[in-house]
Structures are given as structure tokens and as C-alpha cells.
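can't give you the sequence, but here's the structure:
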């Protein structure tokens, strides 16, 4: 029930009624159950003190308890065990219509009247209150009705006016406090801001009442709300309090309205809360209408389908033996032999599918999901061919050289054969690292062929979304599994060979996730037995899959991912190996591709060698294959012309007979001028120029270091797109030459500064190619010594090695690729660190070692003596001893 309270004078001191989780606003009538030990004595006093006709004059202060205590949820509904002789006594307030009586003033209950019925200790669990427990703002209330109930009282209160709590004056047996009334101020019609807020309140209140009518709220409540809304311009404060008592709000929001003494502030906050409530009501109405509409639609569809079924049955068109769609899906799932946990997920989704209409969008989502579960090879495997000798023959037939790689693959096959005998198969994760065109991808296909397994290639270059690996969650529109599950479905077996191509070019971490991190689970033999795709959301066993990854460089592969793979390095090919590959593989393939027979084109070894040396400069054979294809196409044109001439007979003009043989002299006529010349043998020895050897992700190559001096002030200039490490090597080399200039006869005294009046410029050609690393250290020292001494280093002598300030030569990496590149460029002598001798012996092919003279040095003095062939004189008494140290760069 809702009433507007009368204007009643409020005494300065009032007894307090604490409320938990409730707020009483002026003009609101509410019913409370009183069971608190600090509240029951108050109403015992009221019940014994007042008659029924005086009860309406009893005024008390109703104050909320602070939200901290209120959070305990220990409100006034807790029953009390207190007893009293006034059981079931009810008092109703009766307003006295005789205005001349002196009893019109309100009577305040005080602690000095009568005695209190004490509560038993521990009779309820309400929190003990203190003066600080009360909220500072409350409401004066008039007692409308009071009756005794089990464990306490039931009281009906009517809010009158807001109160400000000034000071607690009494705490026992109930609280009393000094208060100040906070009545609403009269509405100022000249206050434009206030009038605008009242207009907004009136508008949103009407909308609120209309929604309440649609929800069929009780008629009396709606009538009283509409009556109050008519007076919103006169009593806006009471209208706000009334509306706030009808909407759903939190305890803190109710306190916020209670604290809003200022009309403008109260109206603004109430408009916000009403707007939210209207939004909630609209959503509720919409949901109700949608549900009702869908129910009606489904009932109509069911009725029509029943009628359709009856009509088909009458016409004899119904096929009783026809299987429905869900039955077909169920049979496929049963045939897939799903694991137990996957079977449970499939049964759950199939049960949902049977309850849905085929026209539903969710129906197609579940149908696609079940199709994927039924198509995957959960228990279907291909039989491995574990014949090591046959695999060796297969690998030798497909690839020339690569002995280390072949040996590792054969080891894997042998181990797999032994594991099969014990019923445990867990393969390694191989990663083939090498320059482009050396056969990494084709080697993965050969592994699958040798083992009798199906092969699937997954290109990881540029993959930047981790969902490409793990799949998309089914909550997304158009979701699908990732590349791994797609590959398994395509292969239809759970033990194929997966080639993860270009794993070093996987996209970096971004807002779409990190694909390389998603690969960690795939490539970890300890985890991939329970690989979970986001789309399937059930584990799939990948432990039987043989993963072979390829990369050009390991520098861009994250360390955790690199740790899970076994690296197998595939170096570049020598000219001899390229010649064998071209003769046995590339040329027959190009002849077949271009529609010719093998006897129609013959290319001499000298012609193939000229193509490899003069028209390609690569570690692999990809460009070589293109050039051979150009030779074959030229012969194909000649062959086609000859066949056409043969068909025309005597009518055709006489031309030269077709010659299938291609010689070295024919190569230049077909391919044009040579693209590459021998960089070393064509260069004349020049002071200040030294040949170095470099290595990067695409193979090795020679690198010239050029040093020049000019008048200046001792500055060093470095050019050629150099990195920090190689720049430091140049500074170290210059410092060593300056400090040892007297020992190597570059200065006349130990105190002479060789850089006193000159500047030095060191340049490395091919400025568009970034260069970095420590392996050019000894070459820079030799270039500086050559420049200052005007002595030359032979053009066919190359060198590599890190150099320290103490003159020590330290080992470097990439020896095989560097030596092959130097051999390809025409180098005849290589100077390198002594501790790299084992790399030359074990990795460099024999035919290359036979063509090159190797000199191994441990100090820079040995390098200078060998590079300049004794033409650099070392002064007597110079100490040239030194030990070898490991390079940690």
C-alpha cells in the first residue's frame, strides 16, 4: 500500500529502528517483521504505553544500517525466542477527528516510561550495533499498525520526512538519537533547470507506467501511480520516492535516493534508474513475445508436418524404409569407432540434433560438427613398410648425396620397427634446415614413400592466426577445425607424414594469438597424444603422426619450439653434385614435362656444367632446373619444326636436320650471355682488398673486404650495410694494427701513430645485402695490413675466422657452406681457425677438399705469414705466441 504522509512536526529526539537491506522513503507504507534484540524492546514499550487511538501519534526514526553490516544478510526476519504476557494483542491507530483536543501533538516513546521485557542472551544472530553502524540519513515514520508475532512483532510504518542523524544519546535498551528533519523545499517555478528535470521525470514516468500496464500490474497500484504523476509538478520529491519504491534497485542505490535531499539531484538519479528499469522491462517484454511467438510457430509447424505425413500416407508416397538424416549420422559415428570421451560428446550433440527443426540455424552447426567427428580417422591407420633396405634404395633413388640425412631417416625406421615389436611407437620431430632448393620438401615426400604412409604438406609461411592451427571455436559463424585436423581428414589415416613447410616463417605474436605457441602442443611427443582442436573440443591422438618440418634458418624459430625438434642440416650442393642431380633427375624430368622422349634431347656434361657455373649462383638446384627447362624448350621448338617439315615432305623448304645433342657451345646460343663470372679468378690482386667467406640462411658466398686510406685525422668509416658485430670486428682489427704497427714494419718506432694524418674507409660491396657476424675478423686485419704495407693477398686466397684484440683466431660456424661457396667461386686456398679443422674433415665433400688447400691458424701472425706468403716482415724479438679460445658469439 502507498500513501502520502501528512505534515507532522518532528521532535528533536527520536527512538531508532535499525533496518538491514531495506530503506524506508517518505510517503511509503511498509510492513516489517521485528525480531532484533535491539528493536523488540522498543515495540514492547510502544505496545504497553499507547492505546489504539494514540498509536498514530507515535513517531520513531527508521535508519538503515551501513552496507558493511547489511551484507551479512541477517535481517529482521530472524525469529526471536522472547516471551511476553501481551500475546496476540493488536492495536490499530485511529485518527482523532476532534481538533480541539490537546492530544494532537505526537507522543514520543522514551526510556523513562515503563519497563522493558528483556531478550534472552543469544536469542538471535543479528550483528551487534554501535553508533557508527547507522547510516547518517534516515526517515521519520508513524506507526500505523502493531501486533505481536512469534519471536517479535509485525509493524506497519508510514514514512513522513527524511532525517539527519546528529548524535546517538542512548544505546540501551534501544537506541535514541538527536535528529534534524530534512523536508523537501517548495518547487521554485522560476528555476528553469528544476523545471526541465521535472519535465524529463514526467515523460519517463509515463513510459514506465505504460510498461507496467503491459505487464498487468495490480490495478490499485497503477491508479495511485497515475494519480501521483498528475501532481509531479507540485510534489516532485514525493513522486520520485514513490517511483523508486516500485522499481528494482540495489541497496546502495536505495541509499543514494535516500541521501538525495536536493530535489534536482534526486530527480536526476531517479531518471537514470527509471531509464535502466524501462530498458529491462522492454527486454523482458520482447523475450516474452519471442518465446510466445516461437511456441506458436512450432505448434503450427508440428501440426502442418502431421498433416503432410498423413497426406503422403494416403497417397502411398511415404517410404517406410527410408532412413532419416539423424539415423545416417548415427551410423557413421558408430562406424568411426570413436574413443569413449568423444562418443559421449557425439551422443550429446546427436540428442540435441534430434530435438531441433532442420530449418534452425543451430541444426546446421551441430550437423557439421557431427560430420567432422564421423569423418576423422580416430582408429584407422595405414600399415608401415619397415624394410630398411627398401627405404635406403628409395632415398638413394630420389636424392643424390645428403648422406647424413638419409642415415638419420634410416635410423628412425629401424627404431620404429623395434618399437612396433613392443607395441610402443613415438616418433621424433625432425626439422630439415637448409638453403632454398636443396630438396627439403621432396625429402619429406620420400620419407612417406619409403614408409608406405600417406603424405600431407602444410604450408606455415605467413600463418599469423593461432586458429589456423587449433581451429575456431564453434561459437563463431563459419567456424572450422585447424590445418592439423583438416590434414587428418584428407589423409583418412591417423599416422600420415605431415610436412610443416617453412616453419621459420610463421607469423609473429599479435592480437590473433601466437601460431608458434599453438605448434608447441602439436610438436611435443609428450603432449600431442591429447591434442585438442578448438572446434572439436575433444582430444585427438597425434602421437602416431610423423612430423617433418622445414626451415631456411633457425634464427627466427622461437626457442621453445626449436627445443622440441631434432635439427638436420642440409647443406648446399657442390658443382659435382649439381651435375649428377641435373643428369639423373632434372634433365629427364624436364624432357618428360615438355612432351619429348628421352632420346629426343641429349645434353653433354660440359653443357650442364656450364649452365651450373655460368647461369646460376645458388646453393640449391631450383634455378638450375629452370635453365635446363629453357634448353629443353629450345630443342622442343626445333623438334616440332622438324616434325612439321617431315609431314609436308617435298613441299616444305629445305632446312637443317634436327640435332638432339646440346653441347657447351650451344648453351650460350640458347640462354644468351653468361650471367655470372668467376668472381675470384677474374679479380686481379689489389692492395687493401681481401676475399672473405660469408654464410646466411640461403647458403654461403664470398665477400670482399676493401680498405682505403686518405688524408685525414685518424677516423674510421664503415659502409656496406654492416651490423654491429661486424663493425666491432673492424674496430678491433684497426686497434690491433695500430698497436702492432712497429712489429710488422708499418711504422719506424713504437710511438708512431699510423693513423695520425690519415682516415681509413672499409667497405663491403653488395650494400643492399645486410651483413653481420664475427667471421670477417681476420680478413679485415689482412685488408688493413695490405693497405698500409701496399702488399697484396692472392685473389684465390679466401679466409674466415673471428679475431680478438690479443691476436687470437677463434672458430666460427657454417664451415661446409662457406667452403662449398668458395670452391664454387674459384678459391684455391682457404685460411681458417685451427679449431675448425674437424668441421672440414667431417663435413666437406672429398672432391672439394681435394681442390682446395686449407691452412689452419691459431694466431693472427700465422694468418699474416700465410696470406702474404712471407712478404710481411716481422721485426726480430716480436712475441707471436698465443693460445686458442672458444668463440661465444
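Structure's in. What do you need? Computed from a predicted structure; not experimentally measured. Numbering: from 1, shown residues only.

From here on, just use CA atoms for contacts and neighbour counts.
Fine.

can you list the domains in this protein?
According to automatic domain parsing, the chain comprises the domains 13-182, 192-284, 326-375, 388-569, 575-671, 689-867.

ok, which stretches of the stretch 151-300 of the chain are helices?
192-214, 219-230, 236-244, 251-259, 263-315 (DSSP state H, counting those that start in this stretch).

of all the ones you listed, which lies closest to residue 54?
helix 236-244 (26.2 Å; C-alpha to C-alpha).

Low-confidence ranges, the stretch 201-350 of the chain, go.
214-221, 228, 231-234, 288, 290-307, 309, 312-324 (pLDDT under 70).

So, low pLDDT: which residues of the stretch 601-750 of the chain?
For the stretch 601-750 of the chain (pLDDT under 70), the answer is 649-656, 678-682, 697-699.

cool, and the stretch 351-500 of the chain?
421, 423-427.

which residue ranges form the helices in the stretch 351-500 of the chain?
According to DSSP H, counting those that start in this stretch, the helices that the stretch 351-500 of the chain contains are 361-375, 388-398, 403-422, 440-451, 467-470, 483-491.

can you pull out the helices in the stretch 651-800 of the chain?
Using DSSP H, counting those that start in this stretch, helices in the stretch 651-800 of the chain cover 664-671, 724-739, 777-789.

Could you check these and tell me which one is nearest residue 710?
For those, distance to residue 710 was read as C-alpha to C-alpha. The smallest value, 10.9 Å, belongs to helix 777-789.

Packing partners of that closest one?
strand 689-696, strand 699-711, helix 724-739, strand 802-803, helix 860-867 (3 or more C-alpha pairs under 8 Å, 6 or more residues apart in numbering; DSSP states H and E).

Can you tell me which of the ones you listed is most buried?
Ranked by mean neighbour count, these are led by strand 802-803 with a mean of 26 (mean count of other C-alpha atoms under 10 Å).

what's the following helix or strand after it?
strand 809-810 (DSSP states H and E).

same question for the helix or strand that that next one is followed by, mean pLDDT?
As assigned by DSSP H and E, the chain's next helix or strand after strand 809-810 is helix 815-825. For helix 815-825, mean pLDDT is 85.

Going by neighbour count, which residues of helix 815-825 are buried?
815, 816, 817, 818, 819, 820, 821, 822, 823, 824, 825 (16 or more other C-alpha atoms under 10 Å).

one step back: now render the helices of the stretch 651-800 of the chain as JSON lines, adding distance to residue 201.
Formatted as JSON lines, those follow (distance: least, C-alpha to C-alpha, whole Å):
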{"stretch": "helix 664-671", "distance to residue 201": "89"}
{"stretch": "helix 724-739", "distance to residue 201": "71"}
{"stretch": "helix 777-789", "distance to residue 201": "84"}
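
Who is the most centrally placed residue in the chain paired with across the strands?
Nearest residue to the geometric centre of the chain (C-alpha atoms, centre = their mean): residue 513, 1.6 Å. As for beta bridges, residue 513 partners with residue 510 under DSSP bridges.

Spit out the contact partners of it.
Residues near residue 513 by C-alpha atoms under 8 Å, 6 or more residues apart in numbering: 464, 465, 466, 467.

so which of the helices of the stretch 351-500 of the chain comes closest to residue 724?
helix 440-451 (32.2 Å).

Output the contacting helices and strands for the closest one.
helix 388-398, strand 497-501, strand 546-551.

Give me the angle between the helix or strand that comes right after the shortest one and strand 546-551.
I take that to be strand 497-501. Downstream of strand 497-501, the first helix or strand assigned by DSSP H and E is helix 515-522. Between helix 515-522 and strand 546-551, the angle comes out at 150 degrees (axes from the mean of the first three to the mean of the last three C-alpha atoms, to 10 degrees).

thinking again about what came up before, what would the helices and strands packed on helix 440-451 look like in a markdown table with distance to residue 801 and mean neighbour count?
As requested, the helices and strands packed on helix 440-451 are exported to a markdown table (distance: least, C-alpha to C-alpha, whole Å; neighbours: other C-alpha atoms under 10 Å):
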| stretch | distance to residue 801 | mean neighbour count |
| --- | --- | --- |
| helix 388-398 | 35 | 16 |
| strand 497-501 | 33 | 24 |
| strand 546-551 | 26 | 25 |
